[in-house]
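J.: Let me see the structure of the following:
(one chain, ligands or ions: 3)
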Amino acid sequence: MLFDDPQFKETIASVLVPVAVPVAYTYKVPPGRTVVPGTIVKVPLGPREVIGAVWDVEPDAAINPKKLKYISRIYDETPPLDADLRRFVDWVANWTLGAPGMVLRMVLRSEEALEPEAPVPGVRKVAGADPERLTPARKRVLETMEDGLAWTKSGLAHAAGVSASVVDGLLRQNVLETVEMPAAPPPPRPQIDYAQKPLTQAQLTTAEDLIRSFDRPGGGVTLIDGVTGSGKTEVYFEAIAEALRREKQALVLLPEIALTEQFLRRFEQRFGVYPAEWHSEITPKNRTRVWRGAASGDMRVVIGARSALFLPFKELGLIVVDEEHDAAFKQDDRVPYSARDMAVVRGHISRFPVVLASATPSVESRVNAEQGRYMLSELPERASGAELPDLKAIDMRTEGPERGRWLAPGLVGAILETFAKGDQSLLFLNRRGYAPLTLCRACGHRFQCPHCSAWLVEHRFQKTLVCHHCGHVDKVPESCPSCHSTNTLVACGPGVERIAEEISDLIPQASTLVLSSDISGGPERLKREMKIVEEGGADIVIGTQLVAKGHNFPKMKLVGVVDADLGLAHGDPRAAEKTFQLLAQVTGRAGRVTGGGKGVLQTYNPDHPVIRALLSGDKHAFYQAEIEARRAAGLPPFGRLAAVIVSGPDKMFAEGYARALVRAAPHDQAVTLLGPAEAALAMVRGRHRYRLLAMAPRQFDLQSYLRQWLAAGPKPTKGLRVQVDIDPQQFI
Ligand code: ADP
Ligand code: ZN
Ligand code: ZN
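T.: Numbers count the residues shown, from 1 in each chain. Ligands and ions are numbered 1, 2, ... in the order given. As a prediction, this is how the structure comes out:
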């Protein structure tokens, strides 16, 4: 808000700056300039200059204007952040108990996007000029330029197959001249009617429901609960088409970058062009383009990771959250927020439809649908008519492998059978590396991370021991660091690399591929390998949860789960739900398009309700039982949870502080406080961690309570950090 102070004739404004303070700061507006709420500005802050935005709060008129600093720069060329986005920022801050400035920082992620686009230098042939000597390389350059258009230097050298010095030589001889390249034109728009697949009746019904939701006041949320392969993507493409018809932008959130590539291609098949992409791996240049394109409206459809939710869309009219149950939508550091829940909030503020899609919805969304807060569309059958995979369990207590092996004969037999038919198998184990623990046979020494309470994981291909929590890397030593014996180190338990080794022992004639997020080569290699698998180019794929998600592998007929019990042991109230989701997803990869899929679960607990639900295929019974258990225990979504994590470099001090915090808690009958307890991951990056948990009934305003509580508690000192996690998903 602006405020004219008659005494000093200066305009002052509130500016939200990207730091962890609860309020906006007051600045003077340079004479003759105007700002409005949402205007993006640069302001001095201590010794630095930071990017912020003018905010809708009264500036502090009590401060002597002589003490105020001027806004140092106004980004006139960038549209001001609109009122809905500003409300969204405030809403997220309020909900997560984060600082609004830190939420704004997620919006202003690309500083370059605010600068006017720099002209790109290019080269062009000078009409009539000829080189002194026409070498073959020069000839190729000139032939490449025959059409008279401008090129970038590197683009030209690449296209002509010459080194940059050849181009430089021609420039020196004035055969070429430098010019400014015209700015890249806006990307072509998706074509609404480019190539629509004929939909099944069930798909059509759901698509029509989604299209109708555009006319509902407020839009509302629809949950598409459809089995793997039911064609949810094709259905929500129709919602995107409708948004485009209404001249609105659309955003699709995916949990995993590795899924992007296939999505881009499917989108192109449907709409004729690629959508814009937004995630941590895009180049700074593309980041700038997409941010600007979202703001200008040039980018009509963006597909991205959770952070895309904070792009400054000009006219957003639809958000789709695919694999909505996925834990990756929860950000756990800085501002801990759930992108799925905040997508619903953003839709609610701007009154447009939000679509959540999953084969295994979160219990929260399922309850919201059953209680009528969300609309529910179910797709119980695969679009291709293919039947769901036939699942069976192998009881590892009686049918397990011999010592030192991890794959039971029953599973190996199924892999051999699949291989003999020329089909693909997937072995799923949610453990990266070779072995989760290494120890010394002579003295019992265990390799632990020096900064975390976690074992180091052996990565045999790279000959390293790695901490999966902080990234600490050691070389595998020649001898035991404790007793100095040599050849006494043993690997305990399997990781994907070890399973790959077992497979090449057992079935050496099959080609295998390990898909795991930490394989060197990064996302590019991963993309290539996903494509190889999709095209049937590997007989046996061994993968972590990366392969469980969304991906469509047409030739995959068998999915073997190496350790179906892995996720069940945790003290996490969502352990059963998460394990069910993960295993249903991963076994759903089998026979997705053509049917005939098989799933094999290796388990020591064949009678566990999660395993039984998977085998029987009775998803609804599982959800009903899980929902009832949550209701009885007052757990989400029937109750509310917030975690408070206290961490610090000194263990005693951190624990003492956590205790003092509990003593300072305001008494309220509605709230149950648990802890402090040493976190399951008691130390991370050298910081000792204690957890507190607050539980309250659903209607209770937990945020206000927490605010009051933290204000009443002692000030954290000596490097202590207090982090609030509303609706925690991880309990480590
Ligand atoms: P989901 O996301 O529900 O698991 P997808 O949308 O990925 O399912 O579709 C699964 C497979 O079925 C894909 O190969 C897709 O191309 C195909 N498919 C979907 N709908 C149809 C349809 N109406 N006709 C033919 N094939 C379809
Ligand atoms: Zn030893
Ligand atoms: Zn570590």
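J.: Relative to Ala20, how far out is Gln723?
T.: 11 Å (Cβ to Cβ, to the nearest Å). (Glycine included, C-beta is placed from N, CA and C.)
J.: more neighbours, those two?
T.: Between Gln723 and Ala20, counted using other Cβ atoms under 10 Å, the more crowded position is Gln723 (16 against 12).
J.: from what I can see Leu429 touches Thr544, true?
T.: Yes - between Leu429 and Thr544 there is a contact under Cβ atoms under 8 Å: 6.9 Å.
J.: More neighbours: which of the two?
T.: More neighbours surround Leu429 than the other of Leu429 and Thr544, with 24 against 20 (other Cβ under 10 Å).
J.: How about the more buried one: what's its closest non-neighbour residue?
T.: Val562 (4.0 Å; Cβ to Cβ, 6 or more residues apart in numbering).
J.: for Arg266, same thing?
T.: Among residues not flanking Arg266 along the chain, Thr233 sits closest, at 6.3 Å (Cβ to Cβ, 6+ apart).
J.: so which strand or helix has that neighbour?
T.: Under the criterion of DSSP states H and E, Thr233 resides in helix 232-245.
J.: Just give me how far that helix sits from the chain centre.
T.: 22 Å (Cα atoms, centre = their mean, to the nearest Å).
J.: for stretch 709-724, same thing?
T.: Mean-position distance between stretch 709-724 and its chain equals 29 Å (Cα atoms, centre = their mean).
J.: One more: stretch 154-168?
T.: For stretch 154-168, the separation from the chain centroid amounts to 39 Å (computed by Cα atoms, centre = their mean).
J.: element containing Gly433, please.
T.: In the assignment (DSSP H and E), Gly433 maps to no helix and no strand.
J.: Ligand 2 versus that one, what's the distance?
T.: 21 Å (Cβ to the ion, to the nearest Å).
J.: my read: that residue touches Leu456, true?
T.: No - between Gly433 and Leu456 no contact is recorded; they are 9.3 Å apart, counting by Cβ under 8 Å.
J.: interface residues of the protein facing ligand 1?
T.: The chain comes close to ligand 1 at residues 197-200, 203, 226, 228-234, 383-384, 552, 593, as judged by Cβ under 6 Å from any ligand atom.
J.: and the chain, which residues reach ligand 3?
T.: Residues of the chain lying close to ligand 3 (Cβ under 5 Å from the ion) are Cys449, His451, Cys452, Cys467, His469, Cys470, His472.
J.: For these, pick the one with the most neighbours.
T.: Highest count within these by other Cβ under 10 Å belongs to Cys449, 24 neighbours.
J.: check contacts around that residue.
T.: If a contact means Cβ atoms under 8 Å, 6 or more residues apart in numbering, then Cys449 has Trp455, Leu456, Cys467, His469, Cys470, His472 as its contacts.
J.: and the longest strand along the chain, which strands flank it?
T.: As assigned by DSSP state E, the longest strand anywhere in the chain is strand 672-684. According to DSSP bridges, strand 672-684 forms sheet pairs with strand 687-697 (antiparallel).
J.: could I get the partner strand in CSV with only the CA atoms?
T.: C-alpha atoms of strand 687-697 as CSV (Å, rounded to 0.1, in the frame of the first residue of the first chain):
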residue,chain,number,x,y,z
ARG,A,687,23.2,-31.6,13.9
HIS,A,688,21.4,-33.5,16.7
ARG,A,689,17.7,-33.7,16.2
TYR,A,690,14.7,-33.9,18.6
ARG,A,691,11.1,-34.2,17.6
LEU,A,692,7.9,-33.0,19.2
LEU,A,693,4.5,-33.8,17.8
ALA,A,694,1.3,-31.9,18.4
MET,A,695,-2.0,-33.7,17.7
ALA,A,696,-5.4,-32.0,17.6
PRO,A,697,-8.9,-32.5,16.3
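J.: Touching, Gly60 and Tyr27? I think so.
T.: Residue 60: Asp, not Gly. No - when contacts are counted by Cβ under 8 Å, Asp60 is not listed as touching Tyr27 (10.4 Å).
J.: Between the two, which has more neighbouring residues?
T.: Each of Asp60 and Tyr27 has its neighbours counted (other Cβ under 10 Å); Tyr27 has more, 25 against 14.
J.: what's the helix or strand where the more buried one lies packed up against?
T.: For Tyr27, the host element (DSSP H and E) is strand 25-28. Where contact means 3 or more Cβ pairs under 8 Å, 6 or more residues apart in numbering; DSSP states H and E, strand 25-28 is packed against strand 10-16, strand 40-45.
J.: Worst mean pLDDT among those strands?
T.: In terms of mean pLDDT, the lowest-scoring of the helices and strands packed on strand 25-28 is strand 10-16 (a mean of 92).
J.: Now tell me what touches it from outside.
T.: For strand 10-16, contacts defined as Cβ under 8 Å, 6+ apart pick out 1-5, 24-29, 31, 34-35, 41, 43, 52-61, 65, 68, 71, 89, 100-101, 104.
J.: Now, of those residues, which are buried?
T.: 24-29, 35, 41, 43, 52-55, 57, 59, 68, 71, 89, 100-101, 104 (16 or more other Cβ atoms under 10 Å).
J.: low-scoring pLDDT stretches of the protein, where are they?
T.: 1-9, 519-520, 550, 570 (pLDDT under 70).
J.: Right, I'll call it a day here.
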